[in-house]
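Trainee: here is a sequence together with a model predicted from it:
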Amino acid sequence: MDYTLTLKVNHFALIRFILNDKEISTDLPPGMVMLDLIRYQQHLPGTKIGCREGDCGACTILVGQLINGELNYLSMTSCLMPLANANGKHIVTIEGINFPSSLNPVQEAMAAAGATQCGFCTPGFVMSLAGYCLQKEKSEVLASIDGNICRCTGYKSIERAARKVEELFADAGDEEPAVFAARKKILPEYFSGIRERLAKLEPVAPANNNGKKTIIAGGTDLYVQRPEDLVHESGNKYVFGQQNGSEIKKEGGRCIIWGGATVTDLRNSPLFNSIFPGFLRYSRLISSTAIRNMATLAGNFVNASPIGDMTVYFLALETSITLTDGKSSRELYLKDFYKGYKQLEKREEEWIDHLSFEIPGKDSYFNFEKVSKRTNLDIASVNSAMLLRMEKGSIIKASLSAGGVGPIPTHLGKTSAFLEGKPVNDATIEGAIRIMKTEISPISDTRGSKEYKSLLLQQLIKAHFVEHFPSMVSEDFISTVVA
Amino acid sequence: MRNIDSYTHVRGESVYLDDIPLQAGTLFAAVFDSPIAHGKLISVDKKAAEQMEGVVQIFLAKDIPGINQIGGIVPDEPLLAETHVHFCGMPIAIVVAISEEIARAAVKKMKANIEPLPIITNPREAKEKGELIIPPRTFQLGDVSEAWKDCEFVFEGRADTNGQEHLYIETQGAYAIPLENGSIKIYSSTQGPTAVQRTTARVLGISMNKIEVDTTRLGGGFGGKEDQATTWGVICALASFHLKKPVKYSLHRMEDMRMTGKRHPYSSDFRIGLSKDLKILAYDVTFYQNAGATADLSPAVMERTLFHCTNSYFVPHVKATAYSCRTNLPSNTAFRGFGGPQGMFVIEAAIAEAAGKLGIPSTEIQSRNLIRSGEEFPYGQKADSEANECWITCENQFDLRKTQEEADRFNSTNKLKKKGVAMMPVCFGISFTKTLMNQARSLVHVYTDGTVGISTGAVEMGQGVNTKILQVASRIFSIAPEKIRVHSTNTWRIANTSPTAASAAADLNGKATEMACKEILRRLQAVASQECVATADIGNTEIPPFEIKEEWVYLNGKKTEWSWDKLVMAAYIRRVSLSELAHYTPEVIHFDPSKEKGHPFTYHVYGAALITVTVDCLRGTYEIDSVKAIHDFGSSMNNMVDLGQCEGGIVQGIGWMTSEELLYDKDGKLKSNALSTYKVPDLYAVPREITVVALETKKDNLALFRSKAVGEPPLMYGIGAYFALRNAVKAFNPQIILPYDAPMTPEKLLMALYGKSS
């Protein structure tokens, strides 16, 4: 939308960034989304609008940022990205990766594979694949397009194109991806100069971040809930990317994570992955690459969705969060943060500075489960996490959490307590399930009936045990409902 | 050959409705729609909205200068509610403002005083209350009532399929621009430019020749923009007509999902009778179509359900009755398959029910009853069948027996994971079942530089119709594709077009193009002959066999001095027309609705697919392992385009059968109203393997270059996913009572795995 006709105030602090090959300086509202600037201010119509809620990927752009002198690109959905989050960065749209009169190899792969039919989703796919090209540590190539919806092709041709893109990097060495891509004529020449240009980009004060009304990080939920308000509100505080993923650290026996860490930061953290070897698998179930690049832990916690994936994950770890108002801070358990549906133990001026949890030892077992209508890129019907500490065949410490079964992300305290001191066997699990049922109060909604959610959580609890102790539970028990 | 749009598509340079540069002074519309599913509209309060800065004007039904009526088949659909509202999302007022944002904000300030009336959302309830869109229709073959006594086995049951949101990634929209002398140009994201033109003329009370509708391409249609794009075109035109300003409306996703109709949900009752050797002798089926609030295309969709009620099977005694039931939902509409899939699901359910009761695989019944050439469909047309060929090839090439044995072995050794296998044959008739719609025109211009411009009534929406049309011209003229452009679909260039639908656009518009090109070619050959005679290249006056091959004129197989470009210029100098408008209509088709008999289809498309799934019985989740199809392409003129249609159709069909769940509450409000709650397949949800192999056949057919229509038929292979899932569930819980109720969401699946047994 073109907001310029309706803006009452037009003296926002300047936001500076590079858009494709061009430096931009704008006093448009920091809360306006990048998609609208791209399409209706810069008149670059290649970035498409499909849903305006981050669920289709048609508006995918790349965001390049210097981190410790290294140029790092991430794909993001421009429909949920406030302009403030572009400050000092390189924003790349489909127009920014076009050669004057030929296709780049990503585009050629898509066209040659017949991976474009109506074409409306195509720029988003191309951008996501370009994001893959600019990744330092290459993930699985299909993961880069896991947030892009196509209604025409059935994805198979796009998969074939993606495999061709993957082949482009068979001989890529340690060279900076942007430089490699420019040298190999995968992306335009100007990419090789971006690192220097970003470094020289006159540093600007973080736009408008003195406010306190609403604290906006990745924007992935706020911009779904009330996008129009956020454009016009002044006095909001933008905090995205002001520290970075290296802020995931170990202190004593605890893991400490900055609240602004994104899910991608966790995926990229060697420390976090060493603690949770299954994290890449678990987090594949959580939204999409582009959203994981934006969504922060603190945002997920504060959003207080009864079904927040990361909230449920960290609840089982008995995570503590540290709230601060900039002057003083206090610590509380994540499970005590939720007082009722969307009711937080938090004063308006406070934000989550960091969180921490005790790193599970070798005798510990962690598992995360999520079932949704569509396995990937969907909101859970029910999710659950479990952490067990075992000693001599007995559970000595248990912590279970579940989402989608009550008004808040639920720490199943009684169920956890029941498990402690018991061996892993059918009877223990059956008992735990019976207690679990007393701790939940699911409601029927678009994610499933309450009966389904109750049965599903029962199954996910069984799944926790099957994952780690397959020989200690009988298949007969697993395939029977605990009434 | 690649899709001719692929170059601009991958560069983000293809122009869609929202990308058209705006004229200065453009205003923006947004619709205020009914928050109540059924009621008497007492009054509309627009004061607060009108007072907002930037709001230009708000239009109500009374501001319509012509007729407040947009119904295509039945005149039962006002553009704007006048006295009553009939569904949540029914347009009541058009708010026009200087920006999109203000228009939407103003809509939120609109209020309507509506006296609620009882709400019906269930088609069976509507039928009981006599709420029918049109009188019921019945197709009959043989005599069902007499046939039951000859049946060894008779089974009956009920089958339900839910609707399906089109979810074209480009939402609906239009942009109307006033022209001189009271004319209006409408850019519309529509499959039916003529419908937009005709309806706008009716609503504005002006003549059709004053309305130019132009469509370059759609960001997906799937039937959703066949009839239901019209509303937005008319709305923009109406506002533009009054305000003498350009007016644009590109819908927000949630507006689109809330206000537009979907694939029709159906509820059906079946009774099936078989002989001892598993021949289906009798089939009696009653369809309750959930039409939504108005007719829209529902009568035609219902008709196709009847046409396809026996899918690929020959059944000697059939009685099929269909009711189009009026409910208080947005009017349901065309969606790829157009009622056919709903009809096929029921007979597949009937076969599954019979097989289940008899303790045999469905394939035992399916394979014994495939229609053969010369056998009759319930509507009288004799089959020219490939059903058995497709089935047998599929069975052999993909080894059905081994697949089934492997699944059985897997199931006997795995408790918590089960595999399911199903076969899905498809037989789909090609043509508009409304015979008069089977006509098309193509306007071909050859310019003096040798390039070619083509306009037809076909709308490009990703299905590659323009690519195929370009191929036609390239092949007939034997010139490079680069010399040819297919232009936008425009009602001032091509009049009285049928919508791009029924998989028929390439056949109809392609054949018209073929005719136009051939006529121009004939003239060019004559010119070549005259030129050659004039230059004494040849000695006699008979027209020799001039040919054009790769842009050169050949005489008796020998290359001449004449290039295509030179010949074209020579024709122009000789004042020979280099343009041609050709009209095509297939001759063979006819249908008599009073008898419900005829020959409605130019041909049928056949196929068979083998589908394998794996169910995680612990979590109630599933994966589609593979879909392997033998598909009757005839002789494909574009393998890449046709394979893309197959793969895309299969996945869309699987989506309908699995994760895509439309949810309306009892008040008729759509709960699955965004991409976050309505789940179409994503990258990981699709089958791990999709293999589509062409049925090798040399048979002639009436398709364009013998390349059979491919848009709709593959969707129905997806139905097999439902039955494969069902088979996996039964492997886990053999005694389960499992209603035939698609889609098989993870919820339904888990509840079935652990549900009540018989």
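Mentor: Happy to help now that I have it. Numbering: from 1, shown residues only, chains lettered A, B, ... in the order given.

Trainee: going forward, measure contacts between C-alpha atoms and count neighbours the same way
Mentor: Will do.

Trainee: what's the mean pLDDT across stretch A:324-335?
Mentor: The average pLDDT within stretch A:324-335 is 95.

Trainee: now that stretch, how far from the centre of its chain.
Mentor: Offset of stretch A:324-335 from its chain centre (CA atoms, centre = their mean, to the nearest Å): 23 Å.

Trainee: tell me the pLDDT at residue A:241?
Mentor: Model confidence at residue A:241, expressed as pLDDT, equals 82.

Trainee: just give the number of residues close to it.
Mentor: A count of neighbours around residue A:241, defined by other CA atoms under 10 Å in any protein chain shown, yields 18.

Trainee: that one in helix, strand or coil?
Mentor: For residue A:241, the secondary structure call by DSSP: H, G, I helix; E, B strand; the rest coil comes out as coil.

Trainee: equivalent analysis for residue B:717, please.
Mentor: Each residue gets one of three states, and residue B:717 gets helix by three-state DSSP.

Trainee: show me what whichever strand or helix holds residue B:202 is packed up against.
Mentor: Counting by DSSP states H and E, the element that carries residue B:202 is helix B:193-204. Identification of packing neighbours for helix B:193-204 by 3 or more CA pairs under 8 Å, 6 or more residues apart in numbering or on different chains; DSSP states H and E yields strand B:211-215, helix B:230-243.

Trainee: need those in CSV with distance to chain A, mean pLDDT and mean neighbour count, can you?
Mentor: Putting the helices and strands packed on helix B:193-204 into CSV (distance: least, CA to the nearest CA, whole Å; pLDDT from 0 to 100; neighbours: other CA atoms under 10 Å in any protein chain shown) gives the following:
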stretch, distance to chain A, mean pLDDT, mean neighbour count
strand B:211-215, 13, 98, 25
helix B:230-243, 18, 98, 26
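
Trainee: would a markdown table of the ones you listed with distance to residue B:369 be doable?
Mentor: As requested, the helices and strands packed on helix B:193-204 are exported to a markdown table (distance: least, CA to CA, whole Å):
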| stretch | distance to residue B:369 |
| --- | --- |
| strand B:211-215 | 44 |
| helix B:230-243 | 42 |
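
Trainee: quick one: which of the ones you listed is nearest residue B:38?
Mentor: Closest to residue B:38 of those is helix B:230-243 (CA to CA; 19.7 Å).

Trainee: and the helix or strand just after that closest one, how far from the chain's centre?
Mentor: Later in the chain than helix B:230-243, the nearest helix or strand by DSSP H and E is strand B:247-250. In terms of CA atoms, centre = their mean, the gap separating the centre of strand B:247-250 from the centre of its chain is 25 Å.

Trainee: please, which helix or strand holds whichever residue of chain A sits closest to chain B?
Mentor: Closest to chain B within chain A is residue A:118: 3.4 Å, counting by CA to the nearest CA. Using DSSP H and E, no element contains residue A:118; it sits outside every helix and strand.

Trainee: hmm, it is touching residue B:462, no?
Mentor: Yes. With contact defined as CA atoms under 8 Å, residue A:118 and residue B:462 form a contacting pair (3.4 Å).

Trainee: returning to that earlier point: what's around the residue of chain A closest to chain B, how many residues?
Mentor: 30.

Trainee: go on, residue B:476?
Mentor: Look at residue B:476: counted by other CA under 10 Å, it has 18 neighbours.

Trainee: ok, the one 10 residues further on next?
Mentor: Residues within reach of residue B:486, counting by other CA under 10 Å, total 20.

Trainee: find the nearest non-adjacent residue to it, please.
Mentor: Spatially, and ignoring its direct neighbours in sequence, residue B:486 is nearest to residue B:454 (4.8 Å; CA to CA, 6 or more residues apart in numbering or on different chains).

Trainee: part of a strand, is the one you found?
Mentor: Yes. When classified by three-state DSSP, residue B:454 is found to be part of a strand.

Trainee: what's the neighbour count on the closest residue to residue B:241 other than its chain neighbours?
Mentor: Taking CA to CA, 6+ apart as the measure, residue B:241 lies nearest to residue B:178, with 6.9 Å between them; neighbours along the chain are not counted. If you count neighbours by other CA under 10 Å, residue B:178 ends up with 20.

Trainee: can you pull up the bridge partners for residue B:178?
Mentor: Per DSSP bridges, the residues bridged to residue B:178 are residue B:184.

Trainee: give me the residue from chain B nearest chain A.
Mentor: Of all residues in chain B, residue B:462 sits closest to chain A, at 3.4 Å by CA to the nearest CA.

Trainee: what residues are bridge-paired with residue A:390?
Mentor: Legend: beta-bridge partners of residue A:390 under DSSP bridges are residue A:395.
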